[in-house]
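Chemist: model this:
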Amino acid sequence: MLQEYKDIKSRINKEPKWYDENGVPRYDEFHPSLASDIYAREAMLIKIACQNCGELFKVCLTQDKLEIHKFDSLKDKLDMIHYGDPPRHGDNLGETMNCIDLEILEYWKRDDSGDWVRNEEFEIILGDNN
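Modeler: Numbers count the residues shown, from 1 in each chain. You can find the predicted model right below:
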């Protein structure tokens, strides 16, 4: 179960646009430079659903959070993509359950100069959702 972050959400009168890997609500448009892992070489914005209530979320994942750094690239392990518990979203059972990973909305990788480059080739429907 992820932290609720009431201290942040109570001060901002908008819904978050996405959540980072720790379930922290983010209010700017997604960019991989905003990921919680500043050393990430790859980052994805993923659409997930709460396993219990079906509420949809956009969340960020990087290869280090997934321990895929053992492999060359996230693109080689798309079948292992999984966010885990959904962001906190109310007083219900779903907060203690898992999520359903639906789609990679954005896939980014750092180039040799350290700049983020988007690669739409890996923006796909995940699992049994296709």
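
Chemist: Number of residues surrounding the residue nearest to residue 49 when sequence neighbours are not counted?
Modeler: Nearest residue to residue 49, sequence neighbours excluded (Cβ to Cβ, 6 or more residues apart in numbering): residue 100, at 4.6 Å. To be clear about C-beta, it is placed using only N, CA and C from the backbone, and glycine gets the same treatment. For residue 100, the count of nearby residues is 19 (other Cβ atoms under 10 Å).

Chemist: Residue 100 belongs to a strand?
Modeler: Yes. Counting by DSSP: H, G, I helix; E, B strand; the rest coil, residue 100 is found in a strand.

Chemist: roughly how far apart are it and residue 39?
Modeler: 29 Å (Cβ to Cβ, to the nearest Å).

Chemist: ok, the residue nearest to residue 23 when sequence neighbours are not counted to residue 24 distance?
Modeler: Once flanking residues are discounted, residue 23 sits nearest to residue 2: 3.2 Å by Cβ to Cβ, 6+ apart. Taking Cβ to Cβ as the measure, residue 2 falls 9 Å from residue 24.

Chemist: what's the answer for residue 50, then?
Modeler: Residue 50 is 17 Å from residue 24, by Cβ to Cβ.

Chemist: Show me which of the two is the more surrounded one.
Modeler: Neighbour totals were compared for residue 50 and residue 24, and residue 50 leads with 22 against 16 (other Cβ under 10 Å).
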